[in-house]
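A.B. asks: sequence isn't available, so here's the structure alone:
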């Protein structure tokens, strides 16, 4: 197989679409693109101004209406008007669309497979690339996992150029930079590094650009997830997210104005925000579309709910193992009914059952999601208790945990908290109070040791401590009058 691959690479290397006459160059381009085998690689021979011309394009990216008008204009060019110099042709006959000059074979393949229409004209050494492509895409609807009660209803899609336009629409500043990178030997995926030149965290920007440029991979198969694993290749054991992900252009614009670096990957609707801390990941767009007091309430509720969701079941298990610690005022939390299955086993079964129901709802047809949810609720809520498998109190606490997972939009953070909740349950059941303390210490250690690319720390502004910034993380404050009306914003 290696010999065949080497032979194929050698054959491609022997092709040169910039050497020889027109016929030789055209045949080399056809062989390079395998146009006779690929049904979606279009090759059309034309005559423009009395000169033989070959047009190459990818069928799925070609915009019919625009390309027809361009070709109609080209057909109208008379032989006497055809310039001898390529630069004169570009200035006289192609000022109306985005046009590029290609003088490199690798660039020819890259631009063509990215959707640009390439034109080879007899007598011109360069190849002309016209950009009137249109990617298949969906509408810029609001993301399902990142909705707001007020505010914009648009969201990123899987195409990089429209996503950039959504950000440009919100930040009309020449300091907004979109720096393009290409990652992957086969996929050649477009990766845009976005930042405000006058506000960016330079340390984070340098670290991002250096790591992206040094990535050696064949393909970003899972787009942003593959890229994130390339940026942090040896930190798989820590489940806490290292980036803030968002599919909202307004959130992205706000982070850029704060000096963050944003990474957009073609074919992915999510933007990666660097550097990120735990507090920034916990933030939600809803907090900023309401008055400060309401936004503060929503933020504190989300934070408190996340903490309670991690500790409610391990603390209950600890108290069930040490009933003498329960004060008389909380005696009602004791499980009075007969316990047929150990409490920790009930908690663990329900943890996995909830995830199983989530996966079932994702893979269920929309018309069956509601009926299946009702059936699952009846079975798990009634029959499992009456059969003796689960106690009603256990079902109550796990119902709170299941709902609490949806109070914040970051799915990676939700699963990280779930993993440590399970770890706390296992250690508490095994080592009692000692296990509970060890699990809590491991949780804190994971937060402290989680790497941040170019930032001050994952727990900043708590560690290192910055009192003013810490207050802003807990309390949603309005901008000062002079900052709202400053020409810098």
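C.D. replies: Received, thanks. Owing to the predicted nature of the structure, the values given are computational and were not obtained by experimental measurement.

A.B. asks: okay, CA-based contacts and neighbour counts for the rest of this
C.D. replies: Will do.

A.B. asks: I'd guessed residue 256 sits against residue 196; true?
C.D. replies: Yes: using CA atoms under 8 Å, residue 256 is in contact with residue 196, at 6.2 Å.

A.B. asks: how many residues are close by residue 62?
C.D. replies: With neighbours defined by other CA atoms under 10 Å, the count for residue 62 comes to 19.

A.B. asks: my read: it touches residue 130, true?
C.D. replies: No: counting by CA under 8 Å, residue 62 stays clear of residue 130, with 10.6 Å between them.

A.B. asks: and the helices in the stretch 251-400 of the chain, which stretches?
C.D. replies: With DSSP state H, counting those that start in this stretch, the ranges of helices along the stretch 251-400 of the chain come out as 278-282, 292-321, 343-363, 366-378, 384-386, 392-404.

A.B. asks: what's the angle from the second one to helix 343-363?
C.D. replies: In this case it means helix 292-321. If you take axes from the mean of the first three to the mean of the last three CA atoms, to 10 degrees, helix 292-321 sits at 140 degrees to helix 343-363.

A.B. asks: would you mark the buried spots in helix 292-321?
C.D. replies: By 16 or more other CA atoms under 10 Å, the buried positions in helix 292-321 come out as 292, 295-296, 298-299, 302-303, 305-306, 309-311, 313-320.

A.B. asks: which other helices and strands does that helix contact?
C.D. replies: In terms of contact count using 3 or more CA pairs under 8 Å, 6 or more residues apart in numbering; DSSP states H and E, helix 292-321 is assigned the packing partners helix 343-363, helix 392-404, helix 411-431, helix 433-449, helix 467-474.

A.B. asks: for residue 462, which residues are in contact?
C.D. replies: residue 470 (CA atoms under 8 Å, 6 or more residues apart in numbering).

A.B. asks: returning to what we had before: rank the helices of the stretch 251-400 of the chain by pLDDT, which is bottom?
C.D. replies: Averaged per stretch, pLDDT over the helices of the stretch 251-400 of the chain is lowest on helix 366-378, reaching a mean of 64.

A.B. asks: find the residue closest to residue 401 in space, skipping its chain neighbours.
C.D. replies: If the residues on either side of it in the chain are set aside, residue 401 comes closest to residue 309, at 5.2 Å by CA to CA, 6 or more residues apart in numbering.

A.B. asks: now what about the strand or helix carrying residue 68, what contacts it?
C.D. replies: In the assignment (DSSP states H and E), residue 68 maps to helix 64-75. Under the contact criterion CA under 8 Å, 6+ apart, helix 64-75 has outside partners 47-49, 93, 132.

A.B. asks: now do stretch 166-178
C.D. replies: Contacts of stretch 166-178 from elsewhere in the structure, counted by CA under 8 Å, 6+ apart, are 156, 164, 192-198, 249-250, 252-253.

A.B. asks: same check, this time on stretch 82-89
C.D. replies: Outside stretch 82-89, the residues within contact range by CA under 8 Å, 6+ apart are 49-50, 123-124, 126.

A.B. asks: PyMOL command for the buried members of those?
C.D. replies: One line in PyMOL is enough to select the buried members of those, burial here meaning 16+ other CA under 10 Å:
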select buried, resi 49+126
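
A.B. asks: biggest separation within the contacts of stretch 82-89, which pair?
C.D. replies: Across those, no pair lies farther apart than 50 and 126, at 17.8 Å, counting by CA to CA.

A.B. asks: for the protein, give me the ranges with low pLDDT.
C.D. replies: Where the chain drops to pLDDT under 70, the residues are 1-15, 95-97, 234-235, 366-383, 478-489.

A.B. asks: spatially central residue in it, please.
C.D. replies: Ranked by distance to the mean C-alpha position of the chain (CA atoms, centre = their mean), the top residue is residue 270 at 2.8 Å.

A.B. asks: now that one. Nearest residue, chain neighbours left out?
C.D. replies: Take residue 270 and drop its neighbours on the chain: the residue closest to it by CA to CA, 6+ apart is residue 247, 4.6 Å away.

A.B. asks: measure that neighbour to residue 203 for me?
C.D. replies: Applying CA to CA, to the nearest Å, the value for residue 247 to residue 203 is 25 Å.

A.B. asks: between these two, who's got more neighbours?
C.D. replies: Under the neighbour definition other CA under 10 Å, residue 247 and residue 203 were set side by side, and residue 247 has more, 23 against 12.

A.B. asks: how much space separates that one from residue 144?
C.D. replies: 9 Å.

A.B. asks: now residue 197: closest residue in space, sequence neighbours ignored.
C.D. replies: Nearest residue to residue 197, sequence neighbours excluded (CA to CA, 6+ apart): residue 175, at 5.0 Å.

A.B. asks: and that neighbour, how far is that from residue 212?
C.D. replies: When CA to CA is applied, the distance between residue 175 and residue 212 equals 22 Å.

A.B. asks: of these two, who's got more company?
C.D. replies: For the pair residue 175 and residue 212, the greater number of neighbours falls to residue 212 (18 against 13), based on other CA under 10 Å.

A.B. asks: need the contact list for that one.
C.D. replies: Contact partners of residue 212, counting by CA under 8 Å, 6+ apart, are 181, 183, 231.

A.B. asks: follow-up on the earlier one: a markdown table please, covering the helices and strands packed on helix 292-321 and showing mean neighbour count.
C.D. replies: A markdown table is the format used below for those (neighbours: other CA atoms under 10 Å):
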| stretch | mean neighbour count |
| --- | --- |
| helix 343-363 | 15 |
| helix 392-404 | 16 |
| helix 411-431 | 19 |
| helix 433-449 | 16 |
| helix 467-474 | 14 |
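
A.B. asks: ok, which of the ones you listed comes nearest residue 287?
C.D. replies: helix 467-474 (11.2 Å).

A.B. asks: what packs against the closest one?
C.D. replies: The elements that helix 467-474 packs onto, with contact taken as 3+ CA pairs under 8 Å, 6+ apart, are helix 292-321.
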